[in-house]
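# Only the shape, not the letters, is given here:
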């Protein structure tokens, strides 16, 4: 579980995040949603510790991230897996080397054990280890790159998984596959997963706990079931931006009136 | 103020770079790779440039010092000392700043903008140490070899002129390159090259590491790396010459 309490963050005197508080439970998908430029990426990177915050608390099971020294932060980061928007695989390494990288860096496993673990992780994300292992990231598709990035993220059995717009650049079918995969892994390993997204399909598919960020503040919190009935103007503008969801709302209102 | 700010960030980055590696085995694997990429892969260009520069320098010296009062063997001596004192270390380092420096800055810059450096940090890896230290150590270790090779190839270029033209008799050239040899000049050249190797790798890494934005910004970081490491080499050359030769 991760708890964020009264988080403030500014850049060059401009306040980007104001008084954000939230609790992210393990075993479910927590999503941070909002328009582009609303501050959701800054919030995620602040929670991970990539951006130092101005004030507030970020508690990783009672361990307050802002108070951690470099060594404590390093140890915490070994419990964290992250899926970046562009996968962020190491170009100079093959797929198997990418997945083995955290193991080589921090585990005391033998070479054979590392290869076995990497192959297991690749299989877990529905990739054929024999086929993809020798390939370089530039030789596989965007969807496969995302899966390899997930495999790398889970290689060290993380307690926390962060995903920054995991569906960006993917077709709807592949996006759904990635969403389902993240959900399965979260439940299987009881990980605290936080996903940063503005993809409504993803929100409606896997969003168990959702935080809506608007202009750097937490404007709404709830579940995917509550999102259509939320009485929040900014959230409505965000959710009903697409014609499809406008039609859904109209249908819902008609049903309600009848 | 901007200069001080840049210097401060450079010092902080170097402090993070020069720490104990997170994993010695990985460092041991990275180091030879970087030595091949930065040093061994530069051998070709160094051989070509040094041979031609040695040849042209000898020709220019002969053409511009034709006098009955200057012995012909002095042309060989001038070529040898020019190669040892300046060309093999300073000029070759400026060339390497262009070739190796832009390579380092664009590689690390691309890793920065594609979030690969963030990925390293998230894993708990000291990204500065992991990425920069093997490059700095690798290039420093390669520099003495490259300088020695450059001196040798420069003299070979001169020998080519002596053999292929009638501008200088072979015996005079051979006598000249051995005449009044001061071994300390070689030591001086090697010492300078170690400093220049550090400057090229660290300054270029700095500009790559702090690149932000897109592909255009990686190009800008690469240009800045070459320009600033060249300036730093020239400044350091003056300081080292003052300290080591006077």
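Yep, that arrived. On a predicted model such as this, the values are computed, not experimentally measured, just so you know.
# for chain B, what are the nearby residues on the stretch 1-150 of chain A?
For the stretch 1-150 of chain A, the residues in contact with chain B (Cβ under 8 Å from any Cβ of the partner chain) are A:48, A:50, A:73-78, A:80-82, A:84-86, A:88-91, A:101-102, A:104-106. All C-beta atoms are positioned from the backbone trio N, CA, C, and that covers glycine.
# Can you flag the buried ones in those?
Buried by 16 or more other Cβ atoms under 10 Å in any protein chain shown: A:48, A:50, A:74, A:76-78, A:80-82, A:84-86, A:88-90, A:101-102, A:104-106, out of those.
# In strands only, show me the residues of the stretch 1-150 of chain A next to chain B.
A:80, A:81, A:82 (DSSP state E).
# if I pick the spatially most central residue of chain A, what's in contact with it?
Nearest residue to the geometric centre of chain A (Cα atoms, centre = their mean): residue A:163, 2.1 Å. Residue A:163 sits next to A:82, A:83, A:182, A:193, A:194, A:195, A:196, A:197 when contact means Cβ atoms under 8 Å, 6 or more residues apart in numbering or on different chains.
# mind running it again at 10 Å?
The contact partners of residue A:163, by Cβ atoms under 10 Å, 6 or more residues apart in numbering or on different chains, come to A:29, A:31, A:44, A:81-85, A:146, A:149-150, A:153, A:178-179, A:182, A:186, A:193-197, A:202.
# Which helix or which strand is home to residue A:9?
strand A:2-11 (DSSP states H and E).
# Hmm, residue B:79 and residue B:153 touching each other?
No: using Cβ atoms under 10 Å, residue B:153 is not in contact with residue B:79, being 11.9 Å away.
# who's more crowded, those two?
Applying other Cβ atoms under 10 Å in any protein chain shown to residue B:153 and residue B:79 shows that residue B:79 carries more neighbours, namely 30 against 22.
# The more buried one contacts residue B:174, correct?
No: Residue B:79 lies out of contact with residue B:174 (Cβ under 10 Å); the separation is 11.7 Å.
# since we're on the closest residue to residue B:92 other than its chain neighbours, how many residues are nearby?
Closest residue to residue B:92 apart from its sequence neighbours, by Cβ to Cβ, 6 or more residues apart in numbering or on different chains: residue B:150 at 4.9 Å. Other residues near residue B:150 come to 29 when the count uses other Cβ under 10 Å.
# Assign residue B:150 to helix, strand or coil.
Secondary structure assignment for residue B:150 (DSSP: H, G, I helix; E, B strand; the rest coil): helix.
# Give me the pLDDT for it.
Predicted confidence (pLDDT) for residue B:150: 96.
# Then the one 10 residues further on?
Among the per-residue scores, residue B:160 holds a pLDDT of 96.
# Run the chain-centre distance for the helix or strand hosting it.
Counting by DSSP H and E, the element that carries residue B:160 is helix B:127-164. Its chain's C-alpha centre and that of helix B:127-164 lie 7 Å apart, by Cα atoms, centre = their mean, to the nearest Å.
# What's the first helix or strand after it?
Where DSSP H and E defines the elements, the next helix or strand beyond helix B:127-164 is helix B:170-178.
# buried sites along the strand holding residue A:9?
A:2, A:3, A:4, A:7, A:8, A:9.
# Mind picking the two most distant members of those residues?
Across these, the longest distance by Cβ to Cβ is 17.3 Å; it joins A:2 and A:8.
# which among the ones in strands among the residues of the stretch 1-150 of chain A next to chain B gets closest to chain B?
Relative to chain B, the closest of these is residue A:82; by Cβ to the nearest Cβ it sits at 4.5 Å.
# For the closest one, which residues are in contact?
Shown in contact with residue A:82 (Cβ under 10 Å, 6+ apart): A:44-45, A:48, A:50, A:88, A:149-150, A:152-153, A:158, A:160-164, A:194, B:115, B:118-119, B:121-123.
# Among those, name the buried ones.
Neighbour-count burial within these applies to A:44-45, A:48, A:50, A:88, A:149-150, A:152-153, A:158, A:160-164, A:194, B:115, B:118-119, B:121-123; the criterion is 16+ other Cβ under 10 Å.
# Just the contacts of residue A:82: which are in strands?
Among the contacts of residue A:82, the residues falling in strands (DSSP E) are A:160, A:161, A:162, A:163, A:164, A:194.
# Show me which residues of chain B sit near chain A.
Residues of chain B lying near chain A by Cβ under 10 Å from any Cβ of the partner chain: B:16, B:19, B:22-23, B:25-26, B:29, B:33, B:37, B:107, B:110-111, B:113-126, B:130.
# okay but residue A:78 is in contact with residue A:103, surely?
No: proximity of residue A:78 to residue A:103 does not meet the contact threshold set by Cβ under 10 Å, at 11.0 Å.
# shared neighbours of the two, which are they?
Residues touching both residue A:78 and residue A:103 by Cβ under 10 Å, 6+ apart: residue A:156.
# between the buried residues of strand A:2-11, which is nearest residue B:198?
Set against residue B:198, the nearest of the buried residues of strand A:2-11 by Cβ to Cβ is residue A:9 (36.6 Å).
# Please name the nearest non-neighbouring residue to residue 126.
I'll assume chain A. Counting by Cβ to Cβ, 6+ apart, residue A:147 is the residue found nearest to residue A:126 once chain neighbours are left out, at 6.8 Å.
# actually it's chain B I care about, not the one you picked
That would be residue B:22: by Cβ to Cβ, 6+ apart, it lies 5.9 Å from residue B:126.
# which residues does the one you found contact?
Residue B:22 neighbours (Cβ under 10 Å, 6+ apart): A:74, A:105, A:106, B:120, B:123, B:124, B:125, B:126, B:129, B:130.
# Keep only those of those residues that are in helices.
A:74, A:105, A:106, B:120, B:129, B:130 (DSSP state H).
# Tell me which residues of the helix or strand containing residue B:106 come out buried.
Assessed by DSSP H and E, residue B:106 sits inside helix B:102-113. Under the neighbour-count criterion of 16+ other Cβ under 10 Å, helix B:102-113 has B:102, B:103, B:104, B:105, B:106, B:107, B:108, B:109, B:110, B:111, B:112, B:113 buried.
# Adding pLDDT and distance to residue A:226, write the residues you listed out as CSV.
Output for the buried residues of helix B:102-113, formatted as CSV (pLDDT from 0 to 100; distance: Cβ to Cβ, whole Å):
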residue, pLDDT, distance to residue A:226
B:102, 96, 54
B:103, 95, 53
B:104, 97, 51
B:105, 97, 49
B:106, 96, 48
B:107, 95, 47
B:108, 96, 45
B:109, 96, 44
B:110, 95, 43
B:111, 95, 41
B:112, 94, 39
B:113, 94, 38
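# So which of those residues is the closest to residue B:64?
Looking across the buried residues of helix B:102-113 and measuring by Cβ to Cβ, the closest to residue B:64 is residue B:102, at 34.3 Å.
# nearest residue to the closest one other than its sequence neighbours?
The shortest distance from residue B:102 to any non-neighbouring residue, by Cβ to Cβ, 6+ apart, is to residue B:222 (4.5 Å).
# is it true that the one you found touches residue B:208?
Yes: look at residue B:222 against residue B:208 with Cβ under 10 Å: they come within range, at 7.6 Å.
# Could you break chain A into its assigned domains?
Domain assignment for chain A by automatic domain parsing gives A:2-79+A:160-257, A:92-157.
# Out of the ones you listed, the one nearest residue B:73 is which?
domain A:92-157 (50.9 Å).
# Show the average pLDDT along that closest one.
Here the average pLDDT along domain A:92-157 is 92.
# Show the end-to-end separation of it, please.
Using Cα to Cα, to the nearest Å, the end-to-end distance of domain A:92-157 comes to 24 Å.
# could you list every residue that touches residue A:151?
Residue A:151 sits next to A:81, A:95-96, A:98-99, A:117-127, A:129, A:132, A:181, A:185 when contact means Cβ under 10 Å, 6+ apart.
# Next up, the contacts around the residue nearest to it when sequence neighbours are not counted.
Ranked by Cβ to Cβ, 6+ apart and with sequence neighbours excluded, the top spatial neighbour of residue A:151 is residue A:121, at 4.0 Å. The contact partners of residue A:121, taken as Cβ under 10 Å, 6+ apart, are A:96, A:99-100, A:103, A:127, A:129, A:147-148, A:150-157.
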